[in-house]
Every structure is written in C-alpha cells, then in structure tokens.
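Enquirer: any chance you can model this:
(one chain, ligands or ions: 1)
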Amino acid sequence: MYCNACGKAMAEDDRVCSRCGNMVGIPPTPKKLIRSRAERKIAGVCAGLAQYFNLDVLLVRILCVFLTAATGVCPGVVTYMLAWIIVPSEPELKPVVAAQQPVTS
Ligand SMILES: [Zn+2]
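Expert: Reported below is the predicted structural model:
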C-alpha cells in the first residue's frame, strides 16, 4: 500500500502516513446535520444538533427548552418544527440477520 499524497510505501494496516500525515484507507466522512434516531425524544432535532456540534444531548435540550421559554413558545416551537421538516432523519439501521450456522454438537 502506498500513500495517496506522497507515494511512500506503507504497511497494510497503517492508517496515517508517517512522512506526510495523510490519512489512508478511511474516506473522510463529511459532517452532516441529521436527526438522531437512537437518542430522539420527539424528532431527534436536539440529539442531531448535539452530535453535529459535539455537545452533550442534555445540554442542548436544556438550552432549547430555555430558549423556547425565554423567547415565547412561538419562535422556539416553530424553529423546532422547521428543523423537523428540513433536517433529514438518520437512516434506519436494518438489523443484520446472522447467517444460519448448522448446529454441530
Ligand atoms: Zn504520505
């Protein structure tokens, strides 16, 4: 395996080039704002925001409730509803069915 950036030979299990520091093998995942499925309470907007900004979900929820209460229900709830509609939901993870192994005893 060779580094994509500088062409230095690398071990197969190397992930970072020792010469230039280029990441190899793992495609960079673009950060996307999505509504979380695993941690959702209503629509997953707060959990999605927490994931996106790398914050604690509870902190984001408290902030949302506080902002909604402070600004009056209208802007907070409307913003949440808009986020619910606009922000895509996290793709549903299909349960992986393990291949049936013949029972050997
Ligand atoms: Zn390199």
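
Enquirer: show me the contacts for the nearest residue to Tyr52 once chain neighbours are set aside.
Expert: Distances taken as C-beta to C-beta, 6 or more residues apart in numbering place Leu33 nearest to Tyr52, at 4.7 Å, with adjacent residues excluded. C-beta here means a position set from N, CA and C on the backbone, and glycine is covered the same way. Counting by C-beta atoms under 8 Å, 6 or more residues apart in numbering, Leu33 makes contact with 48-49, 52, 87.

Enquirer: mind running it again at 10 Å?
Expert: 45, 48-49, 51-53, 83, 86-88 (C-beta atoms under 10 Å, 6 or more residues apart in numbering).

Enquirer: how close does it get to the ion?
Expert: 32 Å (C-beta to the ion, to the nearest Å).

Enquirer: just Met10 next, same as before
Expert: For Met10 relative to the ion (C-beta to the ion), the value is 8 Å.

Enquirer: likewise for Lys32?
Expert: 28 Å.

Enquirer: give me the neighbour count for that residue.
Expert: Residues within reach of Lys32, counting by other C-beta atoms under 10 Å, total 11.

Enquirer: so for it, what's the pLDDT?
Expert: Here, the pLDDT recorded for Lys32 equals 82.

Enquirer: and it, which helix or strand is it part of?
Expert: Assessed by DSSP states H and E, Lys32 sits outside every helix and strand.

Enquirer: which residues touch it?
Expert: 48, 51-52, 87-88, 90.

Enquirer: who in the chain is up against the ion?
Expert: 3, 5-6, 8, 17, 19-20, 22 (C-beta under 5 Å from the ion).

Enquirer: any of those buried? List them.
Expert: Buried subset of these (neighbour count, 16 or more other C-beta atoms under 10 Å): 3, 17.

Enquirer: got JSON lines for the residues of the chain next to the ion, with secondary structure and pLDDT too?
Expert: Below are the residues of the chain next to the ion laid out as JSON lines (DSSP: H, G, I helix; E, B strand; the rest coil; pLDDT from 0 to 100):
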{"residue": "Cys3", "secondary structure": "coil", "pLDDT": "86"}
{"residue": "Ala5", "secondary structure": "coil", "pLDDT": "87"}
{"residue": "Cys6", "secondary structure": "coil", "pLDDT": "92"}
{"residue": "Lys8", "secondary structure": "coil", "pLDDT": "90"}
{"residue": "Cys17", "secondary structure": "coil", "pLDDT": "88"}
{"residue": "Arg19", "secondary structure": "coil", "pLDDT": "91"}
{"residue": "Cys20", "secondary structure": "coil", "pLDDT": "91"}
{"residue": "Asn22", "secondary structure": "coil", "pLDDT": "85"}
